[in-house]
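Novice: Mind folding the following:
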Amino acid sequence: MSAAAGPAGLLVDVGAAQRPGTAGAGFVEECAAALLARGDAVRALLLDPGAPIPGTLHSRVLGSGLLRWNTASEVRRARSGGPCVYVTFGEAAVPPHVERLGVPVVVMATGDAAPAEVAERVVALALRAGDVAAAGPMRVAFVAAASPRNRALAGALARRCEVDTFAGGALAGTVSPAEYDGVVHALSGDGGDLEVLRSARRLPGVLWLHEVSLADVYRAEARTAVGLAAVLRRLYGERAPAPALEALDRGDALGFDPAAERRYGLLLSSEVVRGARAVVVPDERAARRLRLDQGAGGPCPPISVCDVSDPDAAATHLLSLLDRSGEAAA
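Specialist: Numbering: from 1, shown residues only. Sure, this is the predicted structure:
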């Protein structure tokens, strides 16, 4: 095995800290300072070009020499220095140029841990991301229904590591997960994903959600309106909408049809999300919806954003989330 490549550079979005007094501003500032205190993992602290730089910023941030405007040219320049990860916080929007340049994005929740703990998680992720290319071939189990985007993602993974692909429950039924460095479940959110859903509930790993709503998969499993009512009660408890439950208990499937699903904003995601070690979604809006679906204070693994339309960038991001023992980056 070759020597480790070192950590990926962190591009930390500190735009929220430019608006003192707003929600999360102080937390982002303290996280940036904590990251700077942990060594040289930070490659740039990215500022919102449309906001002033307040003189009240943490002295470690102001004196770091790493403050840059969050523009395409600066991100491109930072990326030219080697592998990097874009780190943002809470519900901050990811600039289009970051996604266009193919930089993996990690969204850290605000307020669910102390800044020092958040910094530790981010640095651990950077170390794993930097080691992906140097660590030697990993062996990954890829569990997904057949589709063009899943085949493209599996193919991109196969160019970087050893990959065995499985259709849903075949992995749990015939192969020991201990044989693999990591397990990836890819869900598209339709009824054909039922066996993949069942595998994801049994086996922890990285969860790739092409679509964050899993209602159609649970409809396929529940089969009846009464069965779907039981699913809603199991997943949401007192949060389950009473009108939907009443209709489903009567056998009326319209109580939670796609229109009702959108009206209530329920994704039926908590079982597989809670069991995952990391979750990847296609965009920032999907990440926000997924967090809301877990409920206030509900457990939630790290959620990152990556567009599967570039399978090679997506595969690199997936591997950065896995370590050599099959655990996902915290």
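Novice: for the chain, where's the lowest mean pLDDT among helices and strands?
Specialist: Here the helix or strand of the chain ranked lowest by mean pLDDT, DSSP states H and E is helix 170-174, holding a mean of 53.
Novice: tell me how far the helix or strand where T88 lies is from the chain's mean position?
Specialist: Element membership for T88, per DSSP states H and E: strand 84-89. Relative to the centre of its chain, strand 84-89 is centred 12 Å away, using C-alpha atoms, centre = their mean, to the nearest Å.
Novice: Which neighbouring elements make contact with it?
Specialist: strand 9-13, helix 25-36, strand 105-108, helix 115-131 (3 or more C-beta pairs under 8 Å, 6 or more residues apart in numbering; DSSP states H and E). For glycine as for every other residue, the C-beta is placed from the backbone atoms N, C-alpha and C.
Novice: Most tightly packed of these?
Specialist: For the helices and strands packed on strand 84-89, the largest average neighbour count (mean count of other C-beta atoms under 10 Å) is found in strand 9-13, namely a mean of 26.
Novice: related to what we said a few turns ago, so what are the sheet partners of the strand holding T88 and their directions?
Specialist: Strand pairing for strand 84-89, using DSSP bridges, gives strand 9-13 (parallel), strand 105-108 (parallel).
Novice: Distance to P20 added to the ones you listed, as a markdown table?
Specialist: Output for the strands paired with strand 84-89, formatted as a markdown table (distance: least, C-beta to C-beta, whole Å):
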| stretch | distance to P20 |
| --- | --- |
| strand 9-13 | 16 |
| strand 105-108 | 20 |
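Novice: weakest of the ones you listed by average pLDDT?
Specialist: Note on the strands paired with strand 84-89: lowest mean pLDDT is at strand 105-108, with a mean of 79.
Novice: For A286, find the nearest of the helices and strands packed on strand 84-89.
Specialist: Closest approach to A286 among the helices and strands packed on strand 84-89 (C-beta to C-beta): strand 105-108, 10.5 Å.
Novice: quick one: contacts of that closest one?
Specialist: With C-beta atoms under 8 Å, 6 or more residues apart in numbering as the test, strand 105-108 has contacts from 31, 85-90, 94, 98-99, 118, 121-122, 125, 284, 287, 302-306.
Novice: Which among those count as buried?
Specialist: Taking 16 or more other C-beta atoms under 10 Å as the criterion, what is buried in these is 31, 85-90, 94, 98-99, 118, 122, 125, 284, 287, 302-306.
Novice: gap between the residue lying closest to V272 once chain neighbours are set aside and G265?
Specialist: Leaving aside its chain neighbours, V272 sits nearest to A200 (4.5 Å; criterion: C-beta to C-beta, 6 or more residues apart in numbering). The gap separating A200 from G265 is 22 Å, by C-beta to C-beta, to the nearest Å.
Novice: Counting neighbours, go ahead and name the busier of the two.
Specialist: The neighbour count for A200 versus G265, taken as other C-beta atoms under 10 Å, is higher for A200 (27 against 11).
Novice: quick one: contacts for the more buried one?
Specialist: Applying C-beta under 8 Å, 6+ apart, the residues contacting A200 are V143, H185, L187, L207, V272, G275, A276.
Novice: Kindly state the pLDDT recorded for R68?
Specialist: Residue-level pLDDT assigned to R68 equals 93.
Novice: again, but for the one 5 residues further on
Specialist: With respect to pLDDT, S73 scores 86.
Novice: Also the one 5 residues further on?
Specialist: The confidence metric pLDDT takes the value 86 at A78.
Novice: With A329 instead?
Specialist: Value for A329, per-residue pLDDT: 40.
Novice: just R121 next, same as before
Specialist: At R121, pLDDT is 80.
Novice: Assess the claim that it and P302 are in contact.
Specialist: Yes: using C-beta atoms under 8 Å, R121 is in contact with P302, at 7.1 Å.
Novice: give me every residue that touches the closest residue to G39 other than its chain neighbours.
Specialist: Distance criterion C-beta to C-beta, 6+ apart; nearest residue to G39, sequence neighbours excluded, is V123 at 7.6 Å. Residues in contact with V123 (C-beta under 8 Å, 6+ apart) are P7, L10, L35, R38, G39, A41.
Novice: Next up, the contacts around the third one.
Specialist: When contacts are counted by C-beta under 8 Å, 6+ apart, L35 touches L10, V12, A41, V42, A119, V122, V123.
Novice: Where do the strands of the stretch 201-330 of the chain begin and end?
Specialist: When secondary structure is read from DSSP state E, counting those that start in this stretch, the stretch 201-330 of the chain shows strands at 206-209, 278-281, 303-305.
Novice: Can you say which of those is nearest to F256?
Specialist: strand 206-209 (20.0 Å).
Novice: gap between the closest one and the chain center?
Specialist: Going by C-alpha atoms, centre = their mean, where strand 206-209 is centred and where its chain is centred differ by 7 Å.
Novice: Identify the farthest-apart pair in the contacts of L35.
Specialist: Checked with C-beta to C-beta, the contacts of L35 reach their widest spread between V12 and V123, with 11.2 Å between them.
Novice: Please parse this structure into its domains.
Specialist: Segmentation of the chain into domains, based on automatic domain parsing, reads 9-131, 139-214+267-320, 216-264.
Novice: hmm, back to that, make a markdown table from the strands of the stretch 201-330 of the chain and add distance to A247 and mean pLDDT to it.
Specialist: As requested, the strands of the stretch 201-330 of the chain are exported to a markdown table (distance: least, C-beta to C-beta, whole Å; pLDDT from 0 to 100):
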| stretch | distance to A247 | mean pLDDT |
| --- | --- | --- |
| strand 206-209 | 27 | 94 |
| strand 278-281 | 30 | 94 |
| strand 303-305 | 32 | 91 |
